[in-house]
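> Got a sequence here, can you model it:
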Amino acid sequence: MSDSVDLTGDGGVLKKIVRHAKPDAVGPTQDLPLVDVHYEGILEETGEVFDTTHEDNTIFSFEIGKGSVIKAWDVALRTMKVGEIAKITCKPEYAYGSAGSPPDIPPDATLIFEVELVACNPRKGLSLGSASEERNRLEELKKQREIAAATKEEEKKKREEAKAAAAARIQAKLDAKKGQGKGKGKGK
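Numbering: from 1, shown residues only. Predicted coordinates for the structure are as follows:
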């Protein structure tokens, strides 16, 4: 992991890359302002998770620069590329400030988010067709994540089975050697 980078110059938004994106990955631009993210939000003071998309495998989508999310996200997501995972530390003035966001986020709370930039997309019109397309796109993304999770679980299961089989083969060899050793001793 790399060191934290101060994105605002005043320590208000710190970013630490957990996983780098591929070199050819794209990031948000004026042509691709809609971002899809997975995230987990943690209260720095208690370490308590107050929000996450991981439990239900959902995607959170928003348009950068429209003020629909906390300031820290608008700042940090502009610096990310698709596939990147970063830990974003947000001081209160870049998060929910002195008001907090009751009941989950107390006043003047510093927040830590682990954010994965999943996709960057062009702005959509507000027509009914576009909303339907967006829902379909998000459903497809959800299906892809579920398939990836299932594949990962299947690979883990196969690795565990292979380890168990290898251990059984080694034990069988050891048992066979013990058996041979006893037999040889009696024959001499």
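
> Just grab the bridge partners of the most centrally placed residue in the chain for me.
Central residue of the chain (Cα atoms, centre = their mean): residue 116, 4.4 Å from the mean position. Beta bridges link residue 116 to residue 38, residue 85, judged by DSSP bridges.

> What's the local residue count around the residue nearest to residue 121 when sequence neighbours are not counted?
Closest residue to residue 121 apart from its sequence neighbours, by Cβ to Cβ, 6 or more residues apart in numbering: residue 34 at 4.2 Å. Using the backbone N, CA and C atoms, a C-beta is placed for each residue, glycine as well. Per other Cβ atoms under 10 Å, the neighbour tally for residue 34 reads 18.

> can you pull out the strands in the protein?
Along the chain, the segments classed as strands by DSSP state E run 5-6, 13-19, 34-43, 49-52, 60-63, 85-90, 111-121.

> which one of those strands is the most hemmed in?
Ranked by mean neighbour count, these are led by strand 85-90 with a mean of 22 (mean count of other Cβ atoms under 10 Å).

> got a list of contacts for it?
Strand 85-90 is contacted by residues 4, 12-19, 44, 70, 72-73, 76, 80, 110-117 when judged by Cβ atoms under 8 Å, 6 or more residues apart in numbering.

> Output that strand as CSV, nothing but the C-alphas.
Backbone C-alpha positions of strand 85-90 (Å, rounded to 0.1, in the frame of the first residue of the first chain) are rendered in CSV as follows:
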residue,chain,number,x,y,z
ILE,A,85,-9.8,0.6,-4.1
ALA,A,86,-8.9,3.5,-1.8
LYS,A,87,-9.3,4.3,1.9
ILE,A,88,-10.6,7.8,2.2
THR,A,89,-10.4,9.6,5.5
CYS,A,90,-12.8,12.5,5.7
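
> quick one, it and strand 34-43 angle?
Strand 85-90 runs at 60 degrees relative to strand 34-43, counting by axes from the mean of the first three to the mean of the last three Cα atoms, to 10 degrees.

> tell me the contacts of residue 121?
With contact taken as Cβ under 8 Å, 6+ apart, residue 121 is in contact with 32, 34-36, 137.

> what does residue 7 give?
Counting by Cβ under 8 Å, 6+ apart, residue 7 makes contact with 13-15, 75-76, 79.

> Could you export the residues you listed to a markdown table, including columns for pLDDT and distance to residue 25?
Formatted as a markdown table, these follow (pLDDT from 0 to 100; distance: Cβ to Cβ, whole Å):
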| residue | pLDDT | distance to residue 25 |
| --- | --- | --- |
| 13 | 97 | 21 |
| 14 | 97 | 22 |
| 15 | 97 | 16 |
| 75 | 95 | 19 |
| 76 | 96 | 16 |
| 79 | 95 | 12 |
